[in-house]
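# Fold the following.
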Amino acid sequence: MQALPFATIAFILYVAAAIWQGMTLFRRVPPRQGMVRLLGALGLLLHIPVVVELMTQAPGLLPGFTTSATLFMAVAVNVLLIASLFKPVLNASIVLFPLAGVALISATWLPNHAGHTGLTPGILLHAVSSALAFAMLAIAAAQAVLVGLQNQALRHHHIRGIVQSLPPLTTMERVLFELVWAGVVLLTLSILSGFIFLDNIFAQHLLHKTVLSLAAWVIFTTLLIGRYLFGWRGMRAVRWTLGGGALLVLAYFGSKFVLEILLNR
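Next comes the predicted model:
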């Protein structure tokens, strides 16, 4: 299968959906949530064959940078589309859809590596919980960006534009913490299953992922405790969410990018 045509069309669909949702946010066009979801879903349908092709080319328990990024972004898009049916999170597509498109296009020309094979039910649980944790917390990070923009606009008494388009700030913050809660539960499951089912989670090729994932877990858990005990909200919640998200991205993709893309190992 030639992945480039699928990736290119998916990229166009993702970007078109993100542009429309962005223009909606700034009140340039009327809201068309059904259309945005449809474009995103069509992009995802073309996204999946590219993931399958990449995993076929380099099968393994530890997929390389391009396969991991493409797979995890597909999961994030899927989770976002489903969650948007129940929660006001579709604006996160402005960030996530273009990133998914970039991951797809990059996967068609960057080198593809894989680690050792040997999939067991326990390791499958670890892989699935890791992907879902990343998806949920990536959506939370995008939500945090919107909460930050909304917070800054209200602080400077700008009540038009983006503030009028978004739900009330209290609703946005409540959804943000719901996403973080769900992400922390999944991340906890991922870390615990890694300790139980992986041979040596502190082995050299896993050490960075383990340490950074634990650091991200500490940050997100501290945020939730701060919310419960001290009522943390606003820009403090935004900064902690984005900080934890940055660590999680480094945990999942940092060393893979350096070794496989920059050093070509």
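# which parts of the host helix or strand of Ala140 are buried?
Here Ala140, judged by DSSP states H and E, is contained in helix 121-155. Buried residues in helix 121-155, defined by neighbour count with 16 or more other C-beta atoms under 10 Å: 123, 125-127, 129-151, 153. (Each C-beta comes from the backbone N, C-alpha and C, glycine too.)
# same check, this time on stretch 176-188
Result for stretch 176-188 [16+ other C-beta under 10 Å]: buried residues Leu176, Phe177, Glu178, Leu179, Val180, Trp181, Ala182, Gly183, Val184, Leu186, Leu187.
# One more: stretch 244-252?
Buried, per 16+ other C-beta under 10 Å, within stretch 244-252: Gly244, Gly245, Leu247, Leu248, Val249, Leu250, Ala251, Tyr252.
# mind listing which of the residues you listed are in helices?
Gly244, Gly245, Leu247, Leu248, Val249 (DSSP state H).
# Redo those as CSV? Include pLDDT and distance to Ala216.
Below are those laid out as CSV (pLDDT from 0 to 100; distance: C-beta to C-beta, whole Å):
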residue, pLDDT, distance to Ala216
Gly244, 97, 5
Gly245, 96, 8
Leu247, 95, 4
Leu248, 94, 4
Val249, 93, 9
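# could you dump the residues you listed to CSV with distance to Leu44?
Listed next are those as CSV, based on distance: C-beta to C-beta, whole Å:
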residue, distance to Leu44
Gly244, 26
Gly245, 22
Leu247, 27
Leu248, 22
Val249, 21
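# List just the nearest of those to Gln2.
Nearest to Gln2 among those is Val249, at 29.4 Å by C-beta to C-beta.
# measure the closest one to Ala141 for me?
Taking C-beta to C-beta, to the nearest Å as the measure, Val249 falls 9 Å from Ala141.
# Dump stretch 170-179 to CSV, restricted to CA.
Extracted C-alpha coordinates of stretch 170-179, given in CSV (Å, rounded to 0.1, in the frame of the first residue of the first chain):
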residue,chain,number,x,y,z
THR,A,170,-16.2,27.5,35.1
THR,A,171,-17.4,24.9,32.6
MET,A,172,-14.1,24.9,30.7
GLU,A,173,-12.1,24.4,33.9
ARG,A,174,-14.5,21.6,35.1
VAL,A,175,-14.0,19.8,31.8
LEU,A,176,-10.2,20.3,32.0
PHE,A,177,-10.1,18.6,35.4
GLU,A,178,-12.3,15.8,34.3
LEU,A,179,-9.9,15.1,31.4
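# Now it: average pLDDT?
Per-region confidence: stretch 170-179 scores 97 on mean pLDDT.
# Leaving out sequence neighbours, find the closest residue to Thr8.
In this structure, Thr8 finds its nearest non-sequential neighbour in Ile105, 7.1 Å apart by C-beta to C-beta, 6 or more residues apart in numbering.
# The one you found: which element?
Going by DSSP H and E, Ile105 is part of helix 93-107.
# Counting by contacts, list what the helix holding Ala140 packs against.
Applying 3 or more C-beta pairs under 8 Å, 6 or more residues apart in numbering; DSSP states H and E, we find helix 121-155 packed against helix 65-83, helix 93-107, helix 162-165, helix 169-197, helix 234-249.
# still on that earlier bit, and the helix holding Ile105, what other elements does it pack with?
Against helix 93-107 (3+ C-beta pairs under 8 Å, 6+ apart) you get helix 3-25, helix 33-57, helix 65-83, helix 121-155.
# can those go into CSV with extra columns for distance to Val163?
As requested, these are exported to CSV (distance: least, C-beta to C-beta, whole Å):
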stretch, distance to Val163
helix 3-25, 10
helix 33-57, 19
helix 65-83, 22
helix 121-155, 5
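# Adding distance to Met235 and mean pLDDT, write these out as JSON lines.
Below are those laid out as JSON lines (distance: least, C-beta to C-beta, whole Å; pLDDT from 0 to 100):
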{"stretch": "helix 3-25", "distance to Met235": "20", "mean pLDDT": "95"}
{"stretch": "helix 33-57", "distance to Met235": "28", "mean pLDDT": "93"}
{"stretch": "helix 65-83", "distance to Met235": "24", "mean pLDDT": "93"}
{"stretch": "helix 121-155", "distance to Met235": "6", "mean pLDDT": "92"}
